[in-house]
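*Asks:* following is a predicted model, sequence given first.
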Amino acid sequence: MKKHYKLTIYGRVQGVGFRYHARSMAFHLGIKGIIRNEEDGSVYIEAEGEPESLRAFIDWCKKGPPHAYVSKVDIVPDQLRNYDTFEIVR
């Protein structure tokens with residue numbers, strides 16, 4: 001059964017390709033949702049998919065791409081929104 005999580009990623013996560021790498025990983029894992037930079041320097045994600053795929057995606061988010069430094073990830077369960085794709089929004 002699909003689940004939905006809101007993630008906020010903190011650390012050096014802007015200007016390092018985090019959103020583009022996350023989108024690629026989401027496509028690979030079948031995760032749907034959105035990702036955007038926040039004004040406070042964090043990255044916000046809404047991700048939904050099968051629990052096993054979400055676990056893999058969240059594990060990736062805790063590390064990020066090569067030049068990122070992730071200091072903290074807030075994870076909040078939420079209602080399904082039935083996204084069709086995974087998009088970078090501005």
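*Replies:* Looks like it arrived, so ask away. Predicted model, so just to flag it, every value in this text is computed and none were measured.
*Asks:* look up how far residue 3 lies from residue 31.
*Replies:* Applying C-beta to C-beta, to the nearest Å, the value for residue 31 to residue 3 is 11 Å. All C-beta atoms are positioned from the backbone trio N, CA, C, and that covers glycine.
*Asks:* helices of this protein, start to end?
*Replies:* Applying DSSP state H to the chain gives helices spanning 18-29, 51-61.
*Asks:* and residue 88, what does it touch?
*Replies:* Applying C-beta atoms under 8 Å, 6 or more residues apart in numbering to residue 88 gives the contacts 19-20, 23, 34-36.
*Asks:* and the furthest pair within the residues you listed?
*Replies:* 20 and 34 (13.7 Å; C-beta to C-beta).
*Asks:* quick check: residue 90 vs residue 46, distance?
*Replies:* Taking C-beta to C-beta, one finds residue 90 at 15 Å from residue 46.
*Asks:* kindly report the same for residue 56.
*Replies:* Relative to residue 46, and taking C-beta to C-beta, residue 56 is found at 17 Å.
*Asks:* over to residue 17?
*Replies:* Distance from residue 17 to residue 46, by C-beta to C-beta: 20 Å.
*Asks:* which ones are touching residue 82?
*Replies:* With C-beta under 8 Å, 6+ apart, residue 82 has these contacts: 32, 48.
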